[in-house]
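Undergrad: Structure for this input, please:
(3 chains)
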Amino acid sequence: MAEIHPTATVHEGTILGDGVRVLEYAVVGKQPTLGARSTASREPLQPATIGDGTVISTGAIVFAGSHIGANCIVGDQACIRERVTLGDDGIVGRGSLIENDTVVGAGARIQAGAYITAYSTLEDDVFIAPCVVTTNDNFMGRTERRKALMKGPTIRRGARIGGGAILCPGIEVGEEAFVGAGAVVTKDVPPGVVVVGSPARVLRDVSADELRRNGG
Amino acid sequence: MAEIHPTATVHEGTILGDGVRVLEYAVVGKQPTLGARSTASREPLQPATIGDGTVISTGAIVFAGSHIGANCIVGDQACIRERVTLGDDGIVGRGSLIENDTVVGAGARIQAGAYITAYSTLEDDVFIAPCVVTTNDNFMGRTERRKALMKGPTIRRGARIGGGAILCPGIEVGEEAFVGAGAVVTKDVPPGVVVVGSPARVLRDVSADELRRNGG
Amino acid sequence: MAEIHPTATVHEGTILGDGVRVLEYAVVGKQPTLGARSTASREPLQPATIGDGTVISTGAIVFAGSHIGANCIVGDQACIRERVTLGDDGIVGRGSLIENDTVVGAGARIQAGAYITAYSTLEDDVFIAPCVVTTNDNFMGRTERRKALMKGPTIRRGARIGGGAILCPGIEVGEEAFVGAGAVVTKDVPPGVVVVGSPARVLRDVSADELRRNGG
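TA: Model prediction:
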């Protein structure tokens, strides 16, 4: 049984798991309104599915065609667009946006105010600090060839991205890497290193006690 | 005829064009609440007008005194303050804010999470990437003389501003210029050039195939 | 007497002062939903209290356990988490988030889209420009020792933080200091100076006519 606040809107066809809670003014299963020049697909969407024990918080929006795992928290005023997959035990912080066609692994902690662009891949156990910005289009809406080249970030297992950091289009951040707060990342980040600055440069290796295989 | 979701609030006097859609929990025609020290005008406001075919999305807010063109999308959870003009075919991305007394030309694409400060001018066909920040007050709320000097950016026709870039007060970005992701722009940007970095510096000309006059 | 819009939700036990207004779809007195790994306290919360003459704007959220002073404006779509104290005459701009266990003095002006992390201290008369980002965890969710070291910024009386600036964890910004737009602050900022850049460096003293003791 799901618990839907009387002020919330759950669109027809949405599949809510056991123990799901949908809080005040949240909207689940919404259809997108696409602009004339949007590059998002116009195929019919599957219903949204929300896994057991997940909470869709106050004022949050989850679009049709997305699949949210079990025991997740979709934070207040957050928004998850169509064709997003969010693994179990994930957190999407207050006000964050996950754009269409993005895959997020299990145990991801996306903090408040983060912007995850369309066509991104975030593997298990990534940590996205508040107000991180990601991008996917070096052409910013110009040229036809951009449509083939549009690519969000690939953030490998256990990587951490610091507060307000900005990732340029198509960046890969390696496993267990650490991007400092405010870094502007213009090149791929190797696994297990700390990068800082604008443009971001390698500073040192991540401390051993912060690695997940060491219980960090 | 407009289509207003039963949970939306359209304030009295608002003028909605043909085919306008107002989605869940959106508010149109709201009066501002001004702080004691706000520099915004306290004159009575005209009603909000929303052009034919425009969509005011879920949880979005449009204030009284603003005029939204035809076939626009005001994205989910976005906010448009009083005395804003938005041209036809404009997009205001999810969660973005356009502050009071700002003029945005036709065909502007303001992506998600952007902040357009008060007293800004954005000409036709500008592209504002996600999470761009603009500013208008070098004095940050101090001195009387700041009130005469307060000035938002002027972003000329077809210019593009990259993800998370920050524009200092009063900056002019020239026609068809390109500001890279994460740039901090402290000086005017000439037309047709690419600037990057913090502080932003000219890197090269914009590629010919990205110019609008070449069909970019 | 308080004025509560019929679409707003005020949770039981909340204490609203005289002349308080709660606008469309706002939620006051909400209980938090904590993730399994959240470091926030799980103690029972006191009711939220809202001081005389304060406005909780459209779509805003104020959690239980927080105390908002008199004559404040909590802006549209803003969010104030549990155990926050906001002094009299404060402004929390549209869409801003103040995380749990934060103290904000009287007369603070937090502009739109700012992110104030948990365990922060903001003294009287601070000015936080739009889209400022603060952080509190150098370990980004790893190690046990981080829990003792987690620390938000301390922003002293009358200090001003520029648009889109980023403060690293535990930073102290001195009285009347000025942090330029887009700065990335990695070290404490002395009182009364201007810092700019990434990483931020001292540029000069704050102009005398901008100091509060000179009527700035």
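
Undergrad: For the closest residue to residue A:36 other than its chain neighbours, give me its contacts.
TA: Leaving out its chain neighbours, the residue that sits closest to residue A:36 by CB to CB, 6 or more residues apart in numbering or on different chains is residue B:89, at 7.3 Å. (Each C-beta comes from the backbone N, C-alpha and C, glycine too.) Residue B:89 makes contact with A:36, B:69-72, B:106-107, according to CB atoms under 8 Å, 6 or more residues apart in numbering or on different chains.

Undergrad: any chance of the residues you listed in a markdown table, plus pLDDT and secondary structure?
TA: A markdown table is the format used below for the contacts of residue B:89 (pLDDT from 0 to 100; DSSP: H, G, I helix; E, B strand; the rest coil):
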| residue | pLDDT | secondary structure |
| --- | --- | --- |
| A:36 | 76 | coil |
| B:69 | 98 | coil |
| B:70 | 98 | coil |
| B:71 | 98 | coil |
| B:72 | 98 | coil |
| B:106 | 98 | coil |
| B:107 | 97 | coil |
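
Undergrad: Most neighbours among those, please name it.
TA: The most neighbours of any of the contacts of residue B:89, using other CB atoms under 10 Å in any protein chain shown, belong to residue B:72, which has 28 neighbours.

Undergrad: where's that residue relative to chain C, distance?
TA: Residue B:72 is 20 Å from chain C, where distance means CB to the nearest CB, to the nearest Å.

Undergrad: Tell me how far the worst-scoring helix or strand of chain A on mean pLDDT lies from the chain's centre.
TA: In chain A, no helix or strand scores lower on mean pLDDT, DSSP states H and E than helix A:146-149, which sits at a mean of 90. Its chain's C-alpha centre lies 21 Å from the corresponding centre of helix A:146-149 when counted by CA atoms, centre = their mean, to the nearest Å.

Undergrad: right, and the helix or strand after it?
TA: Next along the chain after helix A:146-149, taking DSSP states H and E as the criterion, comes strand A:154-155.

Undergrad: That next one pairs with which strands?
TA: Partners of strand A:154-155 in the sheet, by DSSP bridges, are strand A:121-122 (parallel), strand A:172-173 (parallel).

Undergrad: can you list these in JSON lines and add mean pLDDT and distance to residue B:142?
TA: JSON lines is the format used below for these (pLDDT from 0 to 100; distance: least, CB to CB, whole Å):
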{"stretch": "strand A:121-122", "mean pLDDT": "98", "distance to residue B:142": "42"}
{"stretch": "strand A:172-173", "mean pLDDT": "98", "distance to residue B:142": "40"}
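
Undergrad: could you redo those as JSON lines and give each row mean neighbour count?
TA: Converted to JSON lines, the strands paired with strand A:154-155 look like this (neighbours: other CB atoms under 10 Å in any protein chain shown):
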{"stretch": "strand A:121-122", "mean neighbour count": "22"}
{"stretch": "strand A:172-173", "mean neighbour count": "23"}
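
Undergrad: Figure out which of those strands is closest to residue B:197.
TA: Minimum separation from residue B:197 across the strands paired with strand A:154-155 (CB to CB) falls at strand A:172-173, 20.7 Å.

Undergrad: Return the residues in contact with the closest residue to chain C within chain A.
TA: Chain C sits closest to residue A:182 of chain A, with a gap of 3.5 Å, by CB to the nearest CB. Residue A:182 makes contact with A:162-165, A:198, C:133, C:166, C:168, C:184, C:198, according to CB under 8 Å, 6+ apart.

Undergrad: got the phi/psi numbers for residue A:208?
TA: For residue A:208, the backbone dihedrals are phi -60, psi -40 (criterion: degrees, to the nearest 10).

Undergrad: Let me know how buried the nearest residue to it once chain neighbours are set aside is, in neighbour terms.
TA: Nearest residue to residue A:208, sequence neighbours excluded (CB to CB, 6+ apart): residue A:214, at 5.7 Å. Using other CB under 10 Å, residue A:214 has 11 other residues around it.

Undergrad: Pull the most distant pair out of the contacts of residue B:89.
TA: Of all pairs in these, the most separated under CB to CB is A:36 and B:69 at 13.6 Å.

Undergrad: Quick check: beta-bridge partners of residue A:189?
TA: Assigned bridge partners for residue A:189, using DSSP bridges, are residue A:173.

Undergrad: ok so, going back, quick one: contacts of the least confident helix or strand of chain A?
TA: Under CB under 8 Å, 6+ apart, the answer for helix A:146-149 is A:39, A:137-139, A:170.

Undergrad: Pick the one among those closest to residue C:24.
TA: Nearest to residue C:24 among those, with distances taken as CB to CB, is residue A:39, at 33.6 Å.

Undergrad: how far away is the closest one from residue B:165?
TA: Using CB to CB, to the nearest Å, residue A:39 is found at 21 Å from residue B:165.

Undergrad: Repeat that for residue A:199.
TA: From residue A:199 to residue B:165 the distance is 14 Å (CB to CB).

Undergrad: just residue A:194 next, same as before
TA: 24 Å.

Undergrad: can you check residue A:113 too?
TA: 17 Å.

Undergrad: Can you give me the neighbour number for the residue in chain A positioned nearest to chain B?
TA: The nearest approach of chain A to chain B comes at residue A:184, 3.5 Å away (CB to the nearest CB). Neighbour count for residue A:184, taken as other CB under 10 Å: 29.
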